[in-house]
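J.: Mind looking at a prediction? Sequence and model below.
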Amino acid sequence: MFESLNEKLEGAFKSLKGDGNLTEINVAQSIKEIRRALVAADVNYKIAKEFTDKIKEEALGTQNVLSAVKPGELMIKIVMDELVQLMGGQTAGINIKGDPGIILIAGLQGSGKTTFSAKLANYLKTKKKKKPLLVACDVYRPAAINQIKVLGEQIGVPVYSEEGNQNPLGIAANAITHAKNHGFDVMIVDTAGRLAVDDEMMDEIENIKNGIEPNETLFVVDSMTGQDAVNTAKAFNERINYNGVVLTKLDGDTRGGAALSIKYTVGKPIKFVSTGEKMETMDVFHPDRMAQRILGMGDIVSFVEKAQEQFDEKEAKRLEKKIRKNKFDFNDFLSQLNQIRKMGDIKSLINMIPGMSKMTKGLDIDDSAFGKVEAIIFSMTEEERNHPELLNMSRKRRISLGCGHNIHEINMFIKQFDQMRKMMHQISKGKGMPGMGGGLPKGGFRKR
């Protein structure tokens, strides 16, 4: 996410390296590179020019005030502040008041509306302690109703639908009565989309909005479509005057144009961002944190928040006792892997840690590595999981046949596990890292 934009911006800042202070000449050169980077990221030229003009004005206005600050660092600070303002400045909240609160979801087909609807329901249920109801109003796409039912079952949220009813407004209106009668305090209405903006779709979504009067209307847009996403957002806003934008597929090969342009163009805040298919991979949009990620600073605040959500104090104390006794086993390891997986997509998590995106550049990092480890552990008996020291060659051969991985891979994993267990035991005893210069072994995870 934003890798290309980040690289080009870094190049713009490097042009200031070695200079004693900001001057009209070096600022002009840096501004030129920043503008090129934004246009390459599919930001409208008018927006890019106005943005860089503000940066230039700010930079030249401070050139004689902050002489002790390095020009490159000063320019980064100015660019970050302007990026935050460009993307909305403040974190926008969501209005879920009402009996029930009604959230209407709109967007083009394929933008990820149905998946986001389920993610939002999961977010409201787990983090806001709400009792949500999903409403299936996409009556045209054959698999839409079944998809939302499957997702609803996955997160434990009921779905209201009416088989055979082709009137989405009627379904939504009946869902309000159903929600009131069954104690649901918020309902999320998933509507149909089209492959492109057309009058029929616009009339339908406008009629639904006027009929059910939602207190929150969210426009879902595929961030990978760049400037087209901004144009679509503008067209929808002119008809239904929505409250906020949701950017989906932010983990894809996105250049960043949509995130940087929508607030400026439409005047509506980005409220949520979504990555991947997991129900936990949705976040409230924070302009300041996104600006840090664009500039390669990571987003350690969001990373810590995700970790804290999965933190179990009792489990941590239990593991600490086992580690101190050097009894950490494969079941404990699986438990830790599951905690990490719940935090979200691995690649996205790595990009939140300052400096890690550069260190892992070019590496194919995904959740498949977890699957390999799980296959090996699941091929063990319960006794072997509890007592790793039992794994002799005969047992390893049986595990290899069970998981489909060769003996070398089994041995490598067990060796790494043993190294990790020894290291954790040493640290728990206050003896520091074992061995000379031994770093964290591959596969070693520990929740702090």
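T.: Happy to help now that I have it. Numbering: from 1, shown residues only.

J.: now for the longest helix seen in the chain, which elements pack on it?
T.: Counting by DSSP state H, the longest helix found in the chain is helix 407-428. Applying 3 or more C-beta pairs under 8 Å, 6 or more residues apart in numbering; DSSP states H and E, we find helix 407-428 packed against helix 313-324, helix 368-378, helix 393-403. From N, CA and C alone the C-beta is placed, and that goes for glycine too.

J.: Look at Thr275 and say how many residues are nearby.
T.: Thr275 is flanked by 20 other residues according to other C-beta atoms under 10 Å.

J.: oh, I was asking about Gln154
T.: Using other C-beta under 10 Å, Gln154 has 12 other residues around it.

J.: what's in contact with the helix or strand containing it?
T.: Following DSSP states H and E, the helix or strand that holds Gln154 is helix 144-155. Residues from elsewhere that reach helix 144-155, judged by C-beta atoms under 8 Å, 6 or more residues apart in numbering: 114-115, 117-118, 121-122, 125, 134, 136, 138-139, 158-159, 161, 163, 190, 192, 279.

J.: what about 7 Å?
T.: 114-115, 117-118, 121-122, 125, 134, 136, 138, 158-159, 161, 190, 279 (C-beta atoms under 7 Å, 6 or more residues apart in numbering).

J.: May I see the buried residues of that helix?
T.: Across helix 144-155, burial judged by 16 or more other C-beta atoms under 10 Å covers Ala144, Ile145, Gln147, Ile148, Lys149, Leu151, Gly152, Ile155.

J.: repeat for stretch 161-176
T.: Using 16+ other C-beta under 10 Å as the test for burial, stretch 161-176 gives Ser161, Glu162, Pro168, Ile171, Ala172, Ala175, Ile176.

J.: how about the residues you listed in TSV, adding secondary structure, pLDDT and distance to Pro269?
T.: Listed next are the buried residues of stretch 161-176 as TSV, based on DSSP: H, G, I helix; E, B strand; the rest coil; pLDDT from 0 to 100; distance: C-beta to C-beta, whole Å:
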residue	secondary structure	pLDDT	distance to Pro269
Ser161	coil	93	31
Glu162	coil	92	33
Pro168	helix	94	27
Ile171	helix	95	29
Ala172	helix	95	25
Ala175	helix	96	27
Ile176	helix	96	26
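
J.: okay if I get those residues as a markdown table plus distance to Gln292?
T.: Listed next are the buried residues of stretch 161-176 as a markdown table, based on distance: C-beta to C-beta, whole Å:
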| residue | distance to Gln292 |
| --- | --- |
| Ser161 | 41 |
| Glu162 | 46 |
| Pro168 | 40 |
| Ile171 | 42 |
| Ala172 | 39 |
| Ala175 | 40 |
| Ile176 | 41 |
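
J.: Looking at the residues you listed, which is nearest Asp418?
T.: If you rank the buried residues of stretch 161-176 by distance to Asp418 using C-beta to C-beta, Ser161 comes first, at 52.4 Å.

J.: Distance check, the residue lying closest to that closest one once chain neighbours are set aside against Ile76.
T.: Leaving out its chain neighbours, the residue that sits closest to Ser161 by C-beta to C-beta, 6 or more residues apart in numbering is Ala136, at 3.9 Å. According to C-beta to C-beta, to the nearest Å, Ala136 and Ile76 sit 47 Å apart.

J.: again, but for Arg398
T.: Using C-beta to C-beta, one gets 56 Å for the distance from Arg398 to Ile76.

J.: could you check the angle helix 368-378 makes with the longest helix of the chain?
T.: Interaxial angle, helix 407-428 versus helix 368-378 (axes from the mean of the first three to the mean of the last three C-alpha atoms, to 10 degrees): 90 degrees.

J.: buried sites along helix 407-428?
T.: By 16+ other C-beta under 10 Å, the buried positions in helix 407-428 come out as 410, 413-414, 417, 419-426, 428.

J.: Would you reformat these as JSON lines and include pLDDT?
T.: Listed next are these as JSON lines, based on pLDDT from 0 to 100:
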{"residue": "Ile410", "pLDDT": "91"}
{"residue": "Phe413", "pLDDT": "87"}
{"residue": "Ile414", "pLDDT": "89"}
{"residue": "Phe417", "pLDDT": "85"}
{"residue": "Gln419", "pLDDT": "82"}
{"residue": "Met420", "pLDDT": "78"}
{"residue": "Arg421", "pLDDT": "80"}
{"residue": "Lys422", "pLDDT": "81"}
{"residue": "Met423", "pLDDT": "75"}
{"residue": "Met424", "pLDDT": "73"}
{"residue": "His425", "pLDDT": "75"}
{"residue": "Gln426", "pLDDT": "75"}
{"residue": "Ser428", "pLDDT": "66"}
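
J.: out of these, which one sits closest to Lys314?
T.: For the buried residues of helix 407-428, the minimum distance to Lys314 (C-beta to C-beta) is 17.6 Å, reached by Ser428.

J.: Show me the shaky parts of the stretch 301-448 of the chain.
T.: 301-313, 315-316, 340-369, 427-448 (pLDDT under 70).

J.: rerun at 80
T.: By pLDDT under 80, the weakly predicted segments of the stretch 301-448 of the chain are 301-320, 322-324, 335-370, 420, 423-448.

J.: any idea which of the contacts of helix 144-155 is the one closest to Glu10?
T.: Using C-beta to C-beta, those come closest to Glu10 at Thr115, 33.2 Å.

J.: give me every residue that touches the nearest residue to Phe219 once chain neighbours are set aside.
T.: Distance criterion C-beta to C-beta, 6+ apart; nearest residue to Phe219, sequence neighbours excluded, is Tyr242 at 4.6 Å. Each residue near Tyr242 by C-beta under 7 Å, 6+ apart is listed here: Ala106, Thr217, Leu218, Phe219, Phe236, Lys268.
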